[in-house]
Every structure is written in C-alpha cells, then in structure tokens.
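Engineer: build me a model from this:
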Amino acid sequence: MKPSKLYKKLWQCLSSPEVVMKSILKSLYHLADTGDVGATYDIHKISEDKRFIRIFIFTWAECLDVIEISIGPDTIRKTRVAENRH
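Structural biologist: The predicted model follows:
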C-alpha cells in the first residue's frame, strides 16, 4: 500500500522552534503516559536541529498513522503522511 498525503496544516507561531519542540514532546509524553486515547506513540525521528519530528501512532484498532511536524522560524507544518488500515 503506497502512503498518500492525507492532511496538511500550517500554523503561525510566535515561540522559538526550541520552545515549540519542547511543547510537542511534553504533550506526546503526556498522551503516552495517560493512555487516555488507547494508542501507542513512537517518536520515530527527531532531526539533529530539532526542527523536524516523525511520530508513529499505533491506534487501538491496530492501525498505523504517521505524523510529521516541521518547525520553521515562525511556522509549524503538520502532515499526516500515512494511514495504514487492516
């Protein structure tokens, strides 16, 4: 199954890329710790400059979602790049 780009979102951001990355990671760790959504979050990749993160999400229905977040000087781009359903 070839992954397709399913969803893109762009936000303007006043915080530094470092602050944004820390906030994203804090939120992911909170989701993983609470287990409220019944999914497993795997931080697959964080770039060396900490401006890109790829997250694998294994849902309660045994589906795989892949989300990529790119952080620019004043923008955040989120792309849901794959959805693999059984």
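
Engineer: thought Ile67 was touching Ile55, still the case?
Structural biologist: Yes. At 4.8 Å, Ile55 and Ile67 qualify as touching, with contact defined as CB atoms under 8 Å. (C-beta placed from N, C-alpha, C; glycine too.)

Engineer: right, and Leu31 touches Tyr41 too?
Structural biologist: Yes. At 6.0 Å, Leu31 counts as touching Tyr41 under the criterion of CB under 8 Å.

Engineer: got a pLDDT number for Lys45?
Structural biologist: What the model reports for Lys45 is a pLDDT of 91.

Engineer: give me the neighbour count for it.
Structural biologist: Residues contacting Lys45 under the criterion other CB atoms under 10 Å number 11.

Engineer: likewise for Ile71?
Structural biologist: By other CB under 10 Å, the residues close to Ile71 number 25.

Engineer: that one and Val20 touch, don't they?
Structural biologist: Yes. Ile71 is in contact with Val20 according to CB under 8 Å; the separation is 5.2 Å.

Engineer: mutual contacts of these two, please.
Structural biologist: Residues touching both Ile71 and Val20 by CB atoms under 8 Å, 6 or more residues apart in numbering: Cys13.

Engineer: flag the shaky bits of this structure, pLDDT-wise.
Structural biologist: The model of the chain has pLDDT under 70 over residues 1-6, 33-37, 81-86.

Engineer: rerun that using 80 as the cut-off
Structural biologist: Within the chain, the segments meeting pLDDT under 80 span 1-7, 13, 31-38, 60, 62, 73-76, 78-86.
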